[in-house]
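In: dropping a prediction and its sequence here:
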Amino acid sequence: LAGLAAAVIAPAQSSRWAWLLTWLGAAAVAVAVGLLGVLFKARNEGVPLLSRPARQFALGFVPAIFVAALLTIVLFRAGLDALLPGMWLLLYGTAVIAGGTFSIRIVPLMGVLFLFLGAIALFTAPPVPALCLGLGFGGLHVVFGVLIARKYGG
């Protein structure tokens, strides 16, 4: 839901800094909610937080997110903000595919759809990249979250 909120709020911002801070704020909220969800699920299932599957996920997921963070700084400083939506979607999709390799099949599928949206965002003009961000970080997360919760128990 943080992605949907950012997709609505960010385009209305008056500066590129405000636009970036809107998306970074949404990312921070999403990370916090995700970590809390993992903590609660691990506690409820009696699984150690640093179990083998959790470590495998982190080793697959974190490197692409780290690269996305570095490239965000570089591209923003260079005034290449228009590339950020595509880059974020592509690297997040890469992270999801890599992190979800040892998970249920639907997780890497979500990553592939992020790659698809990222490619569209890179090669189209505004407002399409902003729509892709909303569809990815808002829509795909909601749809796949519901599917995973219903079919796989969360």
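Out: Now that the structure is in, tell me what you want to look at. Numbering: from 1, shown residues only.

In: now stretch 59-68: average pLDDT?
Out: For stretch 59-68, mean pLDDT rounds to 94.

In: in it, what's buried?
Out: For stretch 59-68, burial by neighbour count (16 or more other Cβ atoms under 10 Å) applies to Gly60, Phe61, Ala64, Ile65, Ala68. From N, CA and C alone the C-beta is placed, and that goes for glycine too.

In: nearest spatial neighbour of the spatially most central residue of the chain, chain-adjacent residues omitted?
Out: Residue closest to the average C-alpha location in the chain (Cα atoms, centre = their mean): Tyr92, at 5.0 Å. Take Tyr92 and drop its neighbours on the chain: the residue closest to it by Cβ to Cβ, 6 or more residues apart in numbering is Phe114, 5.4 Å away.

In: and the pLDDT at that neighbour?
Out: pLDDT, read off for Phe114, is 98.

In: and after the helix or strand that contains it, which helix or strand comes next?
Out: According to DSSP states H and E, Phe114 maps onto helix 106-122. Next helix or strand after helix 106-122 toward the C-terminus (DSSP H and E): helix 128-133.

In: which secondary structure elements does that next one contact?
Out: helix 2-9, helix 84-99, helix 106-122 (3 or more Cβ pairs under 8 Å, 6 or more residues apart in numbering; DSSP states H and E).

In: what packs against the second one?
Out: Contact here means 3+ Cβ pairs under 8 Å, 6+ apart; on that basis helix 84-99 packs against helix 16-45, helix 52-77, helix 106-122, helix 128-133.

In: among those helices, which is the most enclosed?
Out: Most buried of those by mean neighbour count (mean count of other Cβ atoms under 10 Å) is helix 128-133; its value is a mean of 21.

In: surely Phe102 meets Phe57?
Out: Yes. Between Phe102 and Phe57 there is a contact under Cβ atoms under 8 Å: 7.0 Å.

In: can I get the CA coordinates of stretch 75-95 in PDB?
Out: The C-alpha trace of stretch 75-95 is given here as PDB (Å, rounded to 0.1, in the frame of the first residue of the first chain):
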ATOM      1  CA  LEU A  75      21.600   9.000 -11.200                       C
ATOM      2  CA  PHE A  76      19.900  11.600  -9.100                       C
ATOM      3  CA  ARG A  77      23.100  13.600  -8.600                       C
ATOM      4  CA  ALA A  78      23.700  13.400 -12.400                       C
ATOM      5  CA  GLY A  79      20.100  14.800 -13.000                       C
ATOM      6  CA  LEU A  80      19.100  11.500 -14.700                       C
ATOM      7  CA  ASP A  81      15.900  11.200 -12.500                       C
ATOM      8  CA  ALA A  82      13.900   9.900 -15.500                       C
ATOM      9  CA  LEU A  83      15.900   6.600 -15.300                       C
ATOM     10  CA  LEU A  84      15.100   5.900 -11.700                       C
ATOM     11  CA  PRO A  85      11.600   4.300 -12.100                       C
ATOM     12  CA  GLY A  86      12.900   1.800 -14.700                       C
ATOM     13  CA  MET A  87      16.100   1.100 -12.700                       C
ATOM     14  CA  TRP A  88      14.200   0.600  -9.400                       C
ATOM     15  CA  LEU A  89      11.700  -1.800 -11.000                       C
ATOM     16  CA  LEU A  90      14.400  -3.800 -12.800                       C
ATOM     17  CA  LEU A  91      16.700  -4.200  -9.800                       C
ATOM     18  CA  TYR A  92      13.800  -4.900  -7.500                       C
ATOM     19  CA  GLY A  93      12.600  -7.500  -9.900                       C
ATOM     20  CA  THR A  94      16.100  -9.000 -10.000                       C
ATOM     21  CA  ALA A  95      16.200  -9.000  -6.200                       C
END
